[in-house]
Every structure is written in structure tokens, then in C-alpha cells.
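Trainee: below are the sequence and a predicted model for it; my questions follow.
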Amino acid sequence: MILQKTPEAQQVSQGSQHSMFDSSIDSQIIKVRSNSLSDTKLQSRFSIERQQENQRALVKCVIQDVGFSNDKPVAACIIYKCLLQWHAFEAEITPVFDHIIQTIGLIIEEKDDNDALSYWLSNTSTLIFLLQRNLKPSGVSTTPQRRYPGSVTLIGRMTQGFKSPSNHGSSGTGGTFGAHEGIQQVEAKYPAILFKQQVTTYLEKIYGILRENVKKDIGPLLSLCIQAPRMSRASMSKGSRSPNMIGATQQVLSSHWHSIIKILNSLLSKLRANHVPPLLVCKLFTQVFSFINVQLFNSLLLRRECCSFSNGEYIKSGLAELEQWICEASEQYAGTSWDELRYIRQAVGFLVIHQKAKKTLDEIMQDICPVLTVQQLYRISTMYWDDKYGTQSVSREVFASMKMMMTRSSQNASANTFLLDDDTSIPFSVDELTKGMSDVDLSDVETPPLLRDISAFHFLQENT
């Protein structure tokens, strides 16, 4: 006997089939979504690993001396191009800046290597130039902000290919990097601004270490240059005419000054070989010669044995050698170094001038020693002694006038000191450095061999 389903039974059966079908679809959707989330996590993890690998490769490269390409420091140029390519400047959070800063910090720990310090002085100054010219603070509108297709995350950007924008023109603050490659100013987020400040700090630190290293080398020699050796002083005062004696005397007199010249030449050679901007070289030597001036002048005023006629001749001959070095180094690198020696030059000029007793105070203060204060003049005048000709110092009238002037100015605390202070400041600003440097064209910078065969860094070769 065949049993037929009632309409109610058929409806229940069909409903069960629909329910089972819907459940199957739901489970498939959940599975697809789950797989999609898993794929996204895997892609994100893969991107992070690639990001870290690329950063390690960059750090491994720049920690070495990768030299220069067309007179431009390669490390600074590729650091900037990588940060731009990875869009790190626009990232709210990124560890790449810390990695670079830590690398620079580790490298400059070797404070005694002036060659390495010169190399990184060149790199940090060039990096500052590029950051100053091509970044703008977030929210400041100077040129249209560069737009990037695709992913807006740092991880995604690091895996994208390099695409130059179609519009070419210089950035809002100038600089040929923008003009040559069409890179407009990038709106920098806080990490990028902080990175620029940290690089500036290291630039100033490297400059200061270099300056102190030179002072440390020159200082002991200056203490020997302030007073002629006894043998030489005796031979000069006795007027010995023996050719052998004169030759030996001149050799002893000039040996310490020649050692200073050798140090200056070595420093200039290292700075030029590492393509340090002439502005920084000029600032450095200006402060070095200011240090020489302070040390010699203060020693002269503190040691009576140094304030003699023959000793003045000795120092004068050494200053002539420094003048010759300044002329050979050229104004581009030596700047106003000769003017920095004006105090010791005028003090020595007073020591070696004849007939001091016939000079009026006005003649001394206006013609012979215009930059020296009356306290300094009085100090030199009272300590002066002539070991060669037996001449006297200034007249009693001049001494009396000096004392009267010092009495009038005694209320001024700063006027009571006769010693000079050494300048240990950083004598340049980022704006001055940027304006004083030549434009940097990144299109002809060669890629270092360490990065040349890594596909993630092929963008570095696109414009070379």
C-alpha cells in the first residue's frame, strides 16, 4: 500500500530542505570570511617582515663607508630616497627613523677619528639640507601635497613600486631635488619632524667633537709657541752671527709652528676629501683660529716672561706662518680666520714696536692696538721688558692716563677683566646651512653595491 504525503507534511519537508541549504551557505560564507581574514593577516605579517628586512638592509649599507657619488655623500642621499619611497615622512608611527638615528649614534662614538667624523659631518649636513628643502610641517600649505595611489599605510607603501609624479617643478623652498625629479614638498608628520631635529643634534655634536679634537691637538703646541726657547732667546739677545747658530735657531723657532700648520693641513685635507660643505669648513677654522688667539693672548697677559721684545718677534714670526696658511687655504675655507687673530697680532705689535716711551695713549689705542681695552694695554705695558735693546715701556704720562681711564670704568664689572673667553657655541643655524650649501641633485647618485641587487631597492637606480 502506497502512502501519500499530506500537504502539511510536504511543507515541513520543503522547509527542512531550505533550512539545511541556508545553513550550508552561511557556513560557506563564514569559511570564506575566515579565510579572507587569515589571508589579510598573512599579507600584513609578510609586509611587516619585508619592511623590517628592507630597513635592516639600509642600515647594513649606511653603517659602512659607501663613499661619494659626483661629490655627494651616498649614505645621506639613499637614506633620504628610501624614506621618501617608503613614505615614512607621512607616517604617524614608524620605527625606521629610530633605526637610522641609532646607527649614526653608534658610528660617531669613535670620537678620535677625524676622518670618520668628517665623513658623517658631510652626510648629516646633506641630509639636513634635503629634509629642510623638501619637507613641510603637517598642515602648512605651500605647494600641492603629493598624493599616492593604493595603500595608505607605511607597510603597504614600502612594497609598492616607485612612481614619479607627472608634474615637474621645484619645491616651495627651492632645491634642485624637486626640480630634477618632480618631487614636491612632502607634508611631514611628527616622527619626521623629530627625526630632522635628531639629525640636526648629531650634526652639531659631530661639528663640536671635531672642533674640540683640533683644540686638543693644538693646545699643547700653543703653550710652546707663546715663549721662544731659551737657547733661541739667548742667541737673539746676544746677536750671534754664526751661520750654523742662526740655522739651528730658526729651526727650533719654527718647529712648533710647523706642527700646528701640519695639523691644520691634515684637517683641511680630511674635510675636503669628504666633501664637507665649505660653509662648515669655514666656520670650523674660524673658531679654531679664535681659539689660537684666545690661548696666545691670555698666556701673554698672564706670564711676564712672555712679554719681552724678543719673544714678541718669535710670536710674530709664527703668526706670519699662520697668515701664509690662511692665504693658501683661500677665503672659501679659511674665511675670516686672520681677523680672529687680531688680539694677539696687536699685542705682539705693541711688544716689537720701537720707542714706546714716545707714543701717546691715543696713538697706542687708535693706531697700534685699537681692539685692546685699556685694562689689557695696561697689563701688557706693565709687564713689558726689553731683553734685546734695553728700551723702556710707555711713558709715565701714558701710565697715568691708563689708570685714570680704568678708574672711570671700574664700575663696569665686564671692564675689570683683561682675559678673553673661548667661543664654544655652534656658529651656524639650519637655515644658514641650507642657504649656504649648493643644491643636491639626487638623479646622478649611484646605488651602493650592497643594495644594487636587491629588488626592493631597484627604485634607487631609476634615475641614474
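Mentor: Perfect, I can see it now. Numbers count the residues shown, from 1 in each chain.

Trainee: where does the stretch 301-450 of the chain dip in pLDDT?
Mentor: 411-416 (pLDDT under 70).

Trainee: so where does Phe289 fall, helix or strand?
Mentor: helix 278-302 (DSSP states H and E).

Trainee: tell me the pLDDT of Val32.
Mentor: Looking at Val32, its pLDDT reads 50.

Trainee: just to check, Ile107 is in contact with Asp113?
Mentor: No. Contact status for Ile107 versus Asp113: not in contact, 9.7 Å apart, counting by Cβ atoms under 8 Å. Just so you know, the C-beta spots here come from the backbone N, C-alpha and C atoms, and that holds for glycine as well.

Trainee: neighbour count: these two, which is higher?
Mentor: Using other Cβ atoms under 10 Å, the more surrounded residue of Ile107 and Asp113 is Ile107, with 21 against 16.

Trainee: and the more buried one, how close does it get to Ser337?
Mentor: 29 Å (Cβ to Cβ, to the nearest Å).

Trainee: what's the helix holding Phe289 packed up against?
Mentor: Applying 3 or more Cβ pairs under 8 Å, 6 or more residues apart in numbering; DSSP states H and E, we find helix 278-302 packed against helix 190-225, helix 243-273, helix 309-329, helix 331-334, helix 337-340, helix 342-352, helix 374-383, helix 430-436.

Trainee: what distance do you get for the residue nearest to Gln392 when sequence neighbours are not counted to Glu92?
Mentor: Closest residue to Gln392 apart from its sequence neighbours, by Cβ to Cβ, 6 or more residues apart in numbering: Ala357 at 5.1 Å. Computed as Cβ to Cβ, the Ala357 to Glu92 distance reads 77 Å.

Trainee: of the two, who's got more company?
Mentor: When neighbours are counted by other Cβ under 10 Å, Ala357 comes out ahead of the other of Ala357 and Glu92, with 13 against 10.

Trainee: for that one, grab phi and psi.
Mentor: Taking degrees, to the nearest 10, you get phi -70, psi -20 for the backbone angles of Ala357.

Trainee: which SS class is Ala228?
Mentor: coil (DSSP: H, G, I helix; E, B strand; the rest coil).

Trainee: thought it was touching Gly312?
Mentor: No. Taking Cβ under 8 Å as the definition, Ala228 is not a contact partner of Gly312, at 9.5 Å.

Trainee: more neighbours: which of those two?
Mentor: Using other Cβ under 10 Å, the more surrounded residue of Ala228 and Gly312 is Ala228, with 27 against 24.

Trainee: spatially nearest residue to that one, not counting backbone neighbours?
Mentor: Per Cβ to Cβ, 6+ apart, closest to Ala228 is Tyr314, 3.7 Å.

Trainee: from Val96, how far out is the one you found?
Mentor: 57 Å.

Trainee: which of these two has more residues huddled nearby?
Mentor: The residue with more neighbours, out of Tyr314 and Val96, is Tyr314; 26 against 23, by other Cβ under 10 Å.

Trainee: where does Glu187 fall, secondary structure wise?
Mentor: Using DSSP H and E, Glu187 falls within strand 186-188.

Trainee: give me the distance from that strand to the chain's centre.
Mentor: Here strand 186-188 shows a centroid-to-chain-centroid distance of 24 Å under the convention Cα atoms, centre = their mean, to the nearest Å.

Trainee: which secondary structure elements does it contact?
Mentor: Here strand 186-188 touches strand 135-137, going by 3+ Cβ pairs under 8 Å, 6+ apart.

Trainee: strand partners of the strand it packs on, parallel vs antiparallel please.
Mentor: Applying DSSP bridges, strand 135-137 is found paired with strand 186-188 (parallel).

Trainee: what average pLDDT does the partner strand get?
Mentor: 92.

Trainee: how about stretch 275-292?
Mentor: 98.

Trainee: and what of stretch 76-87?
Mentor: For stretch 76-87, the per-residue pLDDT averages 96.

Trainee: how about it as PDB, C-alpha atoms only?
Mentor: What follows is stretch 76-87, C-alpha atoms only, in PDB (Å, rounded to 0.1, in the frame of the first residue of the first chain):
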ATOM      1  CA  ALA A  76      72.700  60.700   3.100                       C
ATOM      2  CA  CYS A  77      71.200  60.500  -0.400                       C
ATOM      3  CA  ILE A  78      70.000  56.900  -0.300                       C
ATOM      4  CA  ILE A  79      68.600  57.400   3.300                       C
ATOM      5  CA  TYR A  80      66.500  60.300   2.000                       C
ATOM      6  CA  LYS A  81      65.400  58.500  -1.200                       C
ATOM      7  CA  CYS A  82      64.400  55.400   0.800                       C
ATOM      8  CA  LEU A  83      62.400  57.400   3.400                       C
ATOM      9  CA  LEU A  84      60.700  59.200   0.500                       C
ATOM     10  CA  GLN A  85      60.000  55.900  -1.400                       C
ATOM     11  CA  TRP A  86      58.600  54.300   1.800                       C
ATOM     12  CA  HIS A  87      56.500  57.400   2.500                       C
END
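
Trainee: what lies in contact with that stretch?
Mentor: 51, 54, 58, 61-62, 66, 69, 89, 96-97, 100, 122-124, 126-127, 130-131, 134, 148, 154, 157-158, 162, 183, 186, 192, 440, 442, 445, 447-448, 451, 457, 459-460 (Cβ atoms under 8 Å, 6 or more residues apart in numbering).

Trainee: check which helix or strand covers Gly109.
Mentor: Just so we're on the same page, residue 109 is Glu rather than Gly. Using DSSP H and E, no helix or strand contains Glu109.

Trainee: count of neighbours near it?
Mentor: Quick note: Glu109 (other Cβ under 10 Å) scores 7 neighbours.

Trainee: quick check: phi and psi on it?
Mentor: Backbone torsions for Glu109, taken as degrees, to the nearest 10, come to phi -70, psi -30.

Trainee: so it versus Lys205, what's the distance?
Mentor: Glu109 is 11 Å from Lys205, by Cβ to Cβ.

Trainee: excluding residues flanking it in the chain, which one is nearest the residue nearest the centre of the chain?
Mentor: The structure's the chain has its C-alpha centroid closest to Leu203; by Cα atoms, centre = their mean the separation is 3.8 Å. Nearest residue to Leu203, sequence neighbours excluded (Cβ to Cβ, 6+ apart): Thr124, at 4.1 Å.

Trainee: just Leu279 next, same as before
Mentor: Nearest non-adjacent residue to Leu279 (Cβ to Cβ, 6+ apart): Gly436, at 3.7 Å.

Trainee: need the contact list for that neighbour.
Mentor: So Gly436 contacts 277-279, 428 (Cβ under 8 Å, 6+ apart).

Trainee: farthest pair within those?
Mentor: In those, two members sit farther apart than any others by Cβ to Cβ. They are Pro278 and Phe428, at 12.0 Å.

Trainee: narrow the contacts of stretch 76-87 to those in helices?
Mentor: 51, 54, 58, 61-62, 96-97, 100, 122-124, 126-127, 130-131, 134, 154, 157-158, 192, 451 (DSSP state H).

Trainee: Lys196 contacts Gln132, doesn't it?
Mentor: Yes. Taking Cβ under 8 Å as the definition, Lys196 is a contact partner of Gln132 at 7.5 Å.

Trainee: before we move on, back to that, flag every buried residue along the strand holding Glu187.
Mentor: 186-188 (16 or more other Cβ atoms under 10 Å).
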